[in-house]
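**Student:** I would like the atomic coordinates for the input below:
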Amino acid sequence: MKKRFLLILAVLTCAFVQAQIAPDIYWVQFTDKNNSPYSIDAPEAYLSQRALDRRARLGIAIDEYDLPVNPQYLEAVANCGAELINPSKWLNGVSVHCTDPAVMEAVNALEFVQEVRNCPNNPEAQEYKENWLAKELTPVASGVAARGYYGGGYIQISQLNAQVLHEQGFQGEGMVVAILDGGFVGTDIHHCFDNMREEGRLLGTRDFVYGSTSVYTQSTHGTSCLSTMAAYVPNTFVGTAPKASYYLIHTEDGDQENIIEEYNWVSGAEYADSLGVDLTTTSLGYVDFDMGQWDHPFAHFDGHTAPMTIGAEIAASRGIICLIAAGNDGSSYNGECTLGIPSDAEHVITVGAVDGQGVRADFSSVGPTYDGRIKPDVMAMGSATYVASGEPGGWFGDYYNGSGTSFATPVLAGAATCLRQAFPDLSVQEFCDAIREVGNRADNPNNAYGYGIPDFASAINLLHVEDTFVQKEEIIFAYPNPSKGEIHIALKEGYQAELSVFDIMGRPLKSYHFNGLNHTTFERYLNGLGAGVYFIKAVSEMGSQTLKIVITQ
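**Tutor:** Predicted structure coming up:
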C-alpha cells in the first residue's frame, strides 16, 4: 500500500519539539543497551526455538541487535509520565504517547536518551491515503474467467510458472509467513480461509497500532493480500502458497497518517523474527508528505536511511526473506525514482506490477535507488489481480479483481514461500539472486521491469543444479562474470582440469581438457553461447569445483 507521510529520519539528530500536533506521538531514541538483563549468550529468553533453528541453519550469529530494549530504560520513561506504545530492539528505542510537553522534557533529560522526535499527524496526508486505498480496493473489469483447479487465480500463478512448485510437492507446508498490513477485516469469516483455519495454519495475530486483541478491523486490504497466497477453494480460487502457515500483523493505522507507523512496522518485523518466520510480505510504502518541509527526498532512497528500510535490512540479516511492494506512483514517472520506502532496501525483493499479458502496469513505481541500484527487482501480476473481498457477500461479492503492487507482492511472496520450502538452507542473498536470475529480463534488467517476471520452474531447476554441483574449492576463475559476451577463463597456477559445461537445467553441453594455456578455444566456445546461466564443473587433482557463469549478451 502506498502512503504519503511525515518522515523524520532515524539518522538525523532532531531538536526536541514542544509544539504539539495531535495525536501526541514521540519516538524516544536510547543511547545503548548497557546493563541489560538480557544476554547474547542466552537468546532463548527473547527468541523462539524456531527462530534459533533458523539462525543455526543459516549460520547467523546472535548479536546486539537481537537484545531487547533495556527494560530499566522503558520503566524510567514510563515513570516520567509517558505512555509506552511499542519498543524496538533493532532501532533501540520506544514510541510513546504524551500530551504534556513537560513530561517529554523530563524524558529527554534522561541520561540514556539520545533524542526525542515528535511524530505529528496531518489530515491532508490521511485524506490522500484513504483516496488511494479506495482506488486500489475498487473492483475492475478483467475478463478473467476461472480456470480449473486454481480458479480465478490461474493467470497470476501460471504467469510465474509457480504451479510447477505445487506439482513437485511444494505448496508451503511447514513454512511460516508474516503479512504486515493495515487490517484484516473478513479474514476470520471468509470461506477461502476455512482450510487454513481448520488445519491450524493461522498461527496468530498481533496489533502494533492499538495493542488490541484483534486485527480484524480498520481495513480489508490485508485480507485481499493474504488471499493471493492462502486462499484454498479448488476450482474457485487457490493461492500461490495454499498450505503455508501465517501470522497476521497490524502495523498501519488507517485512521491516522503518522511517521510512527514506520516504527510500528519495525516492531512488527522484530516480532515476526522472534517467532521464527521464514518470509514476510509487506504491501506498505512511504514516499513524501503534503507538507513540503517533511518531504522525503530522493537522497533518502539509499537503502540504509529511513527507519523502515533499516528495519527491513536487519530482518534480512536475520535470515528472513522480505518482499516489499514497489509502490503505485509510476503513472507520474518522468525519469525519476517513484519508489516507496522500504522498497529501496538492498537485500529485499521489491515487486512491481504487470498485467496478465506481462505488460507493466502504468502505475507500477520505478527506480533507480539513490545509489544507482535497479529497482524493482522483479514483477508479478498486479493489474486485475484476483483477490478475496474482506466483505464476503457484500457489494464486491466474495471475490473481485483489484490492481496495485500491493497485490503483485503477495502473489510472488507465495511462490517464493514454496521455493523456500524446497531450499531452506540458502542464504538470503543466494535466494534473492536466484529469483532475479530467472526473470524474463535478466539479460537486460531496467528500472521499469527490474529483472522481469521470474520463472519459478527455472528457479527450482537452477537451484537443484547449484545444490548438486557447486562447491567452494577454487580451481578455475571466470571474468568478467556476469559477462556481456566476452568471458575469460583462468586456471589456478600449476594445475590441469577436466571441464564440463552444463546449462541451467543441468544438461551437459561440452567437455574440455584445460591446462591453463589452451584457453582460447574454450573461451571461444563460451563466447558463442547465448544469454543465460551456465555451470562449468572442473575436476583436478586438488578436488572439484562448479563455477556459475552468467552471460547477458
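
**Student:** what helix or strand is the residue sitting nearest the centre point of the chain located in?
**Tutor:** Centrality entry for the chain: nearest residue to the mean C-alpha point is residue 323, 1.9 Å, by CA atoms, centre = their mean. Per DSSP states H and E: residue 323 is located in strand 321-325.

**Student:** could you point out the longest helix in this protein?
**Tutor:** helix 405-422 (DSSP state H).

**Student:** buried set for the following helix or strand past that helix?
**Tutor:** Beyond helix 405-422 on the C-terminal side, the first helix or strand identified by DSSP H and E is helix 428-437. Going by neighbour count (16 or more other CB atoms under 10 Å), the buried part of helix 428-437 is 428, 431, 432, 433, 434, 435, 436, 437. To be clear about C-beta, it is placed using only N, CA and C from the backbone, and glycine gets the same treatment.

**Student:** can I get the strand or helix carrying residue 512 as CSV, trimmed to CA atoms?
**Tutor:** In the assignment (DSSP H and E), residue 512 maps to strand 508-514. Only the C-alpha atoms of strand 508-514 are listed here, as CSV (Å, rounded to 0.1, in the frame of the first residue of the first chain):
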residue,chain,number,x,y,z
PRO,A,508,25.8,-31.4,-20.3
LEU,A,509,26.9,-29.3,-23.2
LYS,A,510,30.7,-29.7,-23.7
SER,A,511,33.7,-31.4,-22.1
TYR,A,512,37.2,-30.0,-22.4
HIS,A,513,40.7,-30.8,-21.1
PHE,A,514,42.1,-27.5,-19.7
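
**Student:** circling back to that earlier point, in JSON lines, list the buried residues of helix 428-437 along with pLDDT and distance to residue 244.
**Tutor:** Formatted as JSON lines, the buried residues of helix 428-437 follow (pLDDT from 0 to 100; distance: CB to CB, whole Å):
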{"residue": "428", "pLDDT": "95", "distance to residue 244": "18"}
{"residue": "431", "pLDDT": "96", "distance to residue 244": "16"}
{"residue": "432", "pLDDT": "96", "distance to residue 244": "19"}
{"residue": "433", "pLDDT": "94", "distance to residue 244": "22"}
{"residue": "434", "pLDDT": "94", "distance to residue 244": "19"}
{"residue": "435", "pLDDT": "97", "distance to residue 244": "17"}
{"residue": "436", "pLDDT": "96", "distance to residue 244": "22"}
{"residue": "437", "pLDDT": "93", "distance to residue 244": "24"}
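
**Student:** and the strand holding residue 512, what does it pack against?
**Tutor:** Contact partners of strand 508-514 among helices and strands, from 3 or more CB pairs under 8 Å, 6 or more residues apart in numbering; DSSP states H and E: strand 497-502, helix 519-527.

**Student:** deepest of the ones you listed, which one?
**Tutor:** The highest mean neighbour count among the helices and strands packed on strand 508-514, using mean count of other CB atoms under 10 Å, belongs to strand 497-502: a mean of 19.

**Student:** returning to that earlier point: what angle sits between the strand holding residue 512 and helix 519-527?
**Tutor:** Relative orientation of strand 508-514 versus helix 519-527 (axes from the mean of the first three to the mean of the last three CA atoms, to 10 degrees): 170 degrees.

**Student:** strand 508-514: which residues count as buried?
**Tutor:** When burial is assessed from 16+ other CB under 10 Å, strand 508-514 yields the following buried residues: 512, 514.

**Student:** so how far is that strand from its chain's centroid?
**Tutor:** 40 Å (CA atoms, centre = their mean, to the nearest Å).

**Student:** which stretches of the stretch 401-550 of the chain have low pLDDT?
**Tutor:** Applying pLDDT under 70 to the stretch 401-550 of the chain flags the ranges 465-473, 493-494, 504-506, 516.

**Student:** ok, now the chain?
**Tutor:** Along the chain, segments meeting pLDDT under 70 span 1-23, 119-146, 254-259, 286-296, 332-333, 465-473, 493-494, 504-506, 516, 553.

**Student:** quick check: residue 406 vs residue 399, distance?
**Tutor:** From residue 406 across to residue 399, the span is 16 Å (CB to CB, to the nearest Å).

**Student:** comparing these two, which residue is more hemmed in?
**Tutor:** residue 406 (33 against 24; other CB atoms under 10 Å).

**Student:** looking at it, that one is touching residue 382, isn't it?
**Tutor:** Yes: with contacts counted by CB atoms under 8 Å, residue 406 reaches residue 382, the gap being 7.4 Å.

**Student:** which strand or helix spans residue 194?
**Tutor:** Element membership for residue 194, per DSSP H and E: helix 194-198.

**Student:** continuing past that helix, what's the next helix or strand?
**Tutor:** Remark: after helix 194-198, the chain's next helix or strand is strand 202-207, criterion DSSP H and E.

**Student:** counting by contacts, list what that next one packs against.
**Tutor:** Taking 3+ CB pairs under 8 Å, 6+ apart as the contact cut, strand 202-207 packs with strand 245-250, helix 260-275.

**Student:** redo that, cut-off 6 Å
**Tutor:** strand 245-250 (3 or more CB pairs under 6 Å, 6 or more residues apart in numbering; DSSP states H and E).

**Student:** centre of the chain versus the strand it packs on, how much separation?
**Tutor:** Relative to where its chain is centred, strand 245-250 has its mean C-alpha point 14 Å off (CA atoms, centre = their mean).

**Student:** which of the residues in it are buried?
**Tutor:** Neighbour counts over strand 245-250 (16+ other CB under 10 Å) mark 245, 246, 247, 248, 249, 250 as buried.

**Student:** and the fourth one, what is it in contact with?
**Tutor:** Residues touching residue 248, when contacts are defined by CB atoms under 6 Å, 6 or more residues apart in numbering, comprise 184, 205, 215.

**Student:** just the buried members of those?
**Tutor:** 184, 205, 215.

**Student:** please save the CA atoms from the longest helix of the chain in PDB.
**Tutor:** Taking C-alpha atoms only, helix 405-422 is exported to PDB below (Å, rounded to 0.1, in the frame of the first residue of the first chain):
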ATOM      1  CA  THR A 405       1.700  -3.600  -6.400                       C
ATOM      2  CA  SER A 406       0.000  -4.400  -3.100                       C
ATOM      3  CA  PHE A 407      -1.400  -7.500  -4.800                       C
ATOM      4  CA  ALA A 408       1.600  -8.300  -7.000                       C
ATOM      5  CA  THR A 409       3.800  -8.600  -3.900                       C
ATOM      6  CA  PRO A 410       1.900 -11.400  -2.100                       C
ATOM      7  CA  VAL A 411       1.300 -13.200  -5.300                       C
ATOM      8  CA  LEU A 412       5.000 -13.500  -5.700                       C
ATOM      9  CA  ALA A 413       5.600 -14.000  -2.000                       C
ATOM     10  CA  GLY A 414       3.500 -17.200  -2.100                       C
ATOM     11  CA  ALA A 415       5.600 -18.600  -4.900                       C
ATOM     12  CA  ALA A 416       8.800 -17.600  -3.000                       C
ATOM     13  CA  THR A 417       7.400 -19.400   0.100                       C
ATOM     14  CA  CYS A 418       7.100 -22.600  -1.900                       C
ATOM     15  CA  LEU A 419      10.600 -22.200  -3.300                       C
ATOM     16  CA  ARG A 420      12.000 -21.500   0.200                       C
ATOM     17  CA  GLN A 421      10.400 -24.800   1.300                       C
ATOM     18  CA  ALA A 422      12.400 -26.600  -1.400                       C
END
